[in-house]
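>>> sequence isn't available, so here's the structure alone:
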Ligand SMILES: [Zn+2]
């Protein structure tokens, strides 16, 4: 279906880009993107995806909005405290762009439900805040063959990697197992500056749009390291491990499972 007059106006500044154009805009409208975690990373990512006209945005989060979230989770406002994040998030996205369909998944992703949720989406954004969740998103996307964009944040620092099954390394290829609970501090223990979450979540949205439009060079096999205090970006080359339990060659792949340490040590309301 061709774009309506209102859509042409709304998206005019990006339709102007030869890499987007009317055809690209139609492709975005057809696209389905799942954002796992409607928190510090998921907020800017989901907002920019909705603003850009991604037709269907899924939000997966079991939590309710807490006052301590609002310093960085810009999808939610003060009147939303106590509400399910998928509800306040969905309202915020539709307020920004009524043309976007928001699918609500008001539960935690587990090994039992992950494949069912992820299948049917074109790209996934990892906006989770615990290592077991990050490994689960990675493993489920690998099993489903769905590309996803990983990011992690702490204090003034962030990391990001785009994982395209069959085209490069996954998160488990080089971070083989989650660290023992308590070995790495959480945002609740070590702190996080909201703008750092904004930088990394926005970069995730950019990577998703590039994947959907088929333009540019995604951060495949390149782990991006952001250091906010000195404002430096670096990248590390990473390689797919053929013996990786998530994306490796048979017989190294293992079935999807919850990590042994899957019970998060942090208070759920302290999510990044
Ligand atoms: Zn792998």
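Looks like it came in fine. Note that this is a predicted model, so its numbers are computed, not measured. Residues are numbered from 1 along each chain as shown.

>>> surely residue 224 is in a strand?
Yes - under DSSP: H, G, I helix; E, B strand; the rest coil, residue 224 falls within a strand.

>>> now it. Nearest residue, chain neighbours left out?
Leaving out its chain neighbours, the residue that sits closest to residue 224 by CB to CB, 6 or more residues apart in numbering is residue 160, at 4.3 Å. For glycine as for every other residue, the C-beta is placed from the backbone atoms N, C-alpha and C.

>>> with residue 117 instead?
residue 105 is the one closest to residue 117 (CB to CB, 6+ apart), at 5.7 Å.

>>> distance of the one you found relative to residue 167?
27 Å (CB to CB, to the nearest Å).

>>> still on that earlier bit, is the residue nearest to residue 117 bridged to anything, and to what?
With DSSP bridges as the criterion, residue 105 is bridged to residue 60.

>>> surely it touches residue 38?
No - Residue 105 lies out of contact with residue 38 (CB atoms under 8 Å); the separation is 9.9 Å.

>>> common neighbours of these two, please.
Contact criterion CB atoms under 8 Å, 6 or more residues apart in numbering; residues shared by residue 105 and residue 38: 59, 60, 61, 86.

>>> and stretch 12-27, how far out from the chain middle?
23 Å (CA atoms, centre = their mean, to the nearest Å).

>>> could you list the paired strands of the helix or strand hosting residue 158 along with their orientation?
Element membership for residue 158 (DSSP states H and E) is strand 157-163. Here strand 157-163 is paired, per DSSP bridges, with strand 148-154 (antiparallel), strand 222-227 (antiparallel).

>>> the ion is nearest to which of the ones you listed?
Closest to the ion of the strands paired with strand 157-163, according to CB to the ion: strand 148-154, at 11.5 Å.
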